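[1] test case, fold it:
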Amino acid sequence: MPAWVLSAAYWLHMAATVAWVGGLLFLSLLLPPATRGLEPLARARFFDSLFRRFQPIAWLSLASAFAEDVDPELKVLLKQAASDADSFADRFDAEVWLTDMSRRLEMRVPEHDFRIELLKNIHYEAGRARIEPELVLSVIQVESNFNPYAISRAGAIGLMQVMPFWLKEIGKPGDSLFSPHTNLRYGCTILRYYLDKEKGNRVRALMRYNGTRERRYPAQVYKVFDQRWQPQ
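    From the prediction side, this is the model:
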């Protein structure tokens, strides 16, 4: 695809994203004061409901421009993952791991119930994708610092900063990447795919996950892994 087409698509996407996010913020200011004071999870649900209505505006131009460049094998894997019948079954039984990681995560995610549920889902989705949950925790810290409704300048969304064009590509436009369940399913599937493609080389797989050719990103992931998430 010509470089000028990608460049034009990128700037169209950026303009749409800015308008979209600005619209969300403007609408949030129209809420009554009592609603603006909601807890973070309640605000996340509010943004999630708006996202479901307005998300096509944000990724329409980018999705069409990159349609030719989407890896068909990864597209099939994501479609299978998103349609998995037991998608979010809670089979977590590693109580020692949960207690240990909950203590480490408390400063970043102070709300107890959300923290525990998040850790359960991280452990399950990492196991499903055959990735160490500590590596997934490290990626999340670098990507979003555990903010489930983070949006990057490039338009990536949620805990693992998944690009929203995947929703259209696999035929799941109604899914919300602000949902930790959905975001972890997509993110772990993508990371597993790159690990397989790179024959287990984590540095190269992390570079591909982040869409970079520099080793700075995997160095950041390994730094937080060593400092905070490494199993004892």
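[2] show the pLDDT at the closest residue in space to Val109 that isn't next to it in sequence.
    Residue nearest to Val109 in three dimensions, not counting chain neighbours: Arg115, with 4.3 Å by C-beta to C-beta, 6 or more residues apart in numbering. For every residue, glycine as well, the C-beta is placed using N, CA and C. According to the prediction, Arg115 has pLDDT 92.
[3] who's in contact with Asp100?
    Gln232 (C-beta atoms under 8 Å, 6 or more residues apart in numbering).
[4] still on that earlier bit, ok, how many other residues are close to the residue nearest to Val109?
    Residues near Arg115, counting by other C-beta atoms under 10 Å, number 19.
[5] that one sits in which helix or strand?
    Per DSSP states H and E: Arg115 is located in helix 112-128.
[6] whatever helix or strand comes next after that helix to helix 112-128, inter-axis angle?
    Later in the chain than helix 112-128, the nearest helix or strand by DSSP H and E is helix 133-144. For helix 133-144 against helix 112-128, the angle by axes from the mean of the first three to the mean of the last three C-alpha atoms, to 10 degrees is 120 degrees.
[7] show me what helix 133-144 is packed against.
    helix 95-105, helix 112-128, helix 180-197, helix 202-210, helix 216-224 (3 or more C-beta pairs under 8 Å, 6 or more residues apart in numbering; DSSP states H and E).
[8] next structured bit after it?
    Criterion used, DSSP H and E; the element after helix 133-144 is helix 165-169.
[9] who are the packing partners of that following helix?
    Against helix 165-169 (3+ C-beta pairs under 8 Å, 6+ apart) you get helix 40-65, helix 72-82.
[10] mean pLDDT lowest where, among these?
    Looking at the helices and strands packed on helix 165-169, the bottom one is helix 40-65 with a mean of 51.
[11] what about Gly211, neighbour count?
    Around Gly211 there are 10 other residues, counting by other C-beta under 10 Å.
[12] residues in contact with it?
    With C-beta under 8 Å, 6+ apart, Gly211 has no contacts at all.
[13] Ala150 now?
    143-144, 157-159, 161.
[14] find me the pLDDT at it, would you?
    In this model, Ala150 is scored at 94, pLDDT.
[15] likewise the one 4 residues further on?
    Note on Ala154: pLDDT of 88.
[16] repeat that for the one 4 residues further on.
    Confidence at Gly158, expressed as pLDDT, is 95.
[17] hang on, it packs against Tyr149?
    Yes: here Gly158 lies in contact with Tyr149, judged by C-beta atoms under 8 Å, at a distance of 6.8 Å.
[18] which neighbours do these two share?
    Phe178.
[19] settle it for me: which of these two has more neighbours?
    Using other C-beta under 10 Å as the criterion, Gly158 and Tyr149 rank with Gly158 on top: 27 against 24.
[20] which regions of this structure sit below the pLDDT cut-off?
    By pLDDT under 70, the low-scoring segments of the chain are 1-71, 73-94, 171.
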